[in-house]
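Trainee: prediction below, plus the sequence it came from.
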Amino acid sequence: MSYDKPLPKPEPWSEPFWDGTQEERLLFQVCEDCDASVFYPKRYCPECGGEDFEWEEADGTGTVYTFSTIYKYPPSAFKDDTPYTPAIIELDEGLRMMSVVTNDPEEVECDAAVEVTFDHVTDEFTLPKFELVDA
């Protein structure tokens, strides 16, 4: 499978997240010391500095918190993808994550309901992306 765009560089503490995406599961960390939900995966809890996490699975649903549509002059690896819509998604669990909304950019708006999809871009990586619900 050929993929010519940048790929994540997992650290030991983010590998469970990427393993989860391979299984089409959207995971996030929960600090065992203070019960804070954490995303993007981190080595230390941003709330208490703890190092012990458990992993929970998100429902994969949420809303578009904010977005921007790229029509021109994207980074060179993404030039064939224009227009595309990077967005901050607020998951129903209260966490926010950056991703891409795969629908027609003209359909995307703030507070629109979305659900996760999984793009198997290589044998090693699956990227979580989102699509509008009821589009």
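Mentor: Yep, that arrived.
Trainee: in contact with the residue positioned nearest the centre of the chain, which residues?
Mentor: Geometric centre of the chain, nearest residue: S99, 4.5 Å, by C-alpha atoms, centre = their mean. Residues in contact with S99 (C-beta atoms under 8 Å, 6 or more residues apart in numbering) are 86-87, 89, 127-130. In this view, the C-beta of every residue, glycine as well, is placed from N, C-alpha and C.
Trainee: double-check that G20 belongs to a strand.
Mentor: No: counting by DSSP: H, G, I helix; E, B strand; the rest coil, G20 falls outside a strand, being helix.
Trainee: mind checking how far it is from D80?
Mentor: 28 Å (C-beta to C-beta, to the nearest Å).
Trainee: now V133
Mentor: 27 Å.
Trainee: give the residue farthest from the middle of the protein.
Mentor: Max distance from the centre of the chain (C-alpha atoms, centre = their mean): D33, 24.8 Å.
Trainee: so that one is in which element?
Mentor: If you go by DSSP states H and E, D33 is not part of any helix or strand.
Trainee: number of residues surrounding E131?
Mentor: Neighbour count for E131, taken as other C-beta atoms under 10 Å: 14.
Trainee: sticking with it, tell me its helix or strand.
Mentor: strand 126-132.
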